[in-house]
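> got a predicted model here, sequence first, then my questions.
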Amino acid sequence: MTAVVSFPDVEQLVIGYLLDRLQDIDDDATVTTEVPNPRPARFVTVNRGGGPQKNLVADQPLVLLECWGPNDADGISKAHDLAAFARAHLRAMRHQIIAGVPIYRVDEVSGIERLPDPDSGQPRVVFTIQLLLRGSRP
């Protein structure tokens, strides 16, 4: 009989991890899977964009992060600052156990890219990572 292995909801795993890191520095940015309504000044959306199961016990989800934020008085994008924070902390997940899930690798698939939101005009910065994580028996 083949072993049964399930994998965590990677969106919720990443959201919880980022919220904890933001709370560590008393930052109230929102992290969610959808654009909030009403739209806060600063927020991050986290969405799985596919990614294959590597083998019986390992999954390789692709995770797209979109970071929104205003420009400051000098035109410096706060969206970029939020993306740089998220990127650094997500890369630090490598070789850790997050919410009971072993994270073996964190690879950047697409680096930070400025991509202003065409609907709102709000500054947005995006990047994509791929995790390699272990599943568990249900």
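Right, received. Where do you want to start?
> could you use CA atoms for every contact and neighbour count after this?
Noted.
> distance of Gln23 from Arg124?
Separation of Gln23 from Arg124 (CA to CA, to the nearest Å) stands at 22 Å.
> now Thr32
15 Å.
> next: Leu13.
Taken as CA to CA, the span from Leu13 to Arg124 is 22 Å.
> returning to that earlier point: Gln23 and Arg124: which has the busier surroundings?
Between Gln23 and Arg124, Arg124 has the larger neighbour count (other CA atoms under 10 Å), namely 26 against 12.
> and that one, what does it touch?
66-69, 79-80, 114-117 (CA atoms under 8 Å, 6 or more residues apart in numbering).
> adding secondary structure, pLDDT and distance to Val46, write the residues you listed out as CSV.
CSV is the format used below for those (DSSP: H, G, I helix; E, B strand; the rest coil; pLDDT from 0 to 100; distance: CA to CA, whole Å):
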residue, secondary structure, pLDDT, distance to Val46
Glu66, strand, 97, 7
Cys67, strand, 96, 9
Trp68, strand, 94, 12
Gly69, coil, 91, 15
Ala79, helix, 92, 14
His80, helix, 92, 16
Arg114, strand, 92, 16
Leu115, coil, 91, 16
Pro116, coil, 86, 17
Asp117, coil, 87, 16
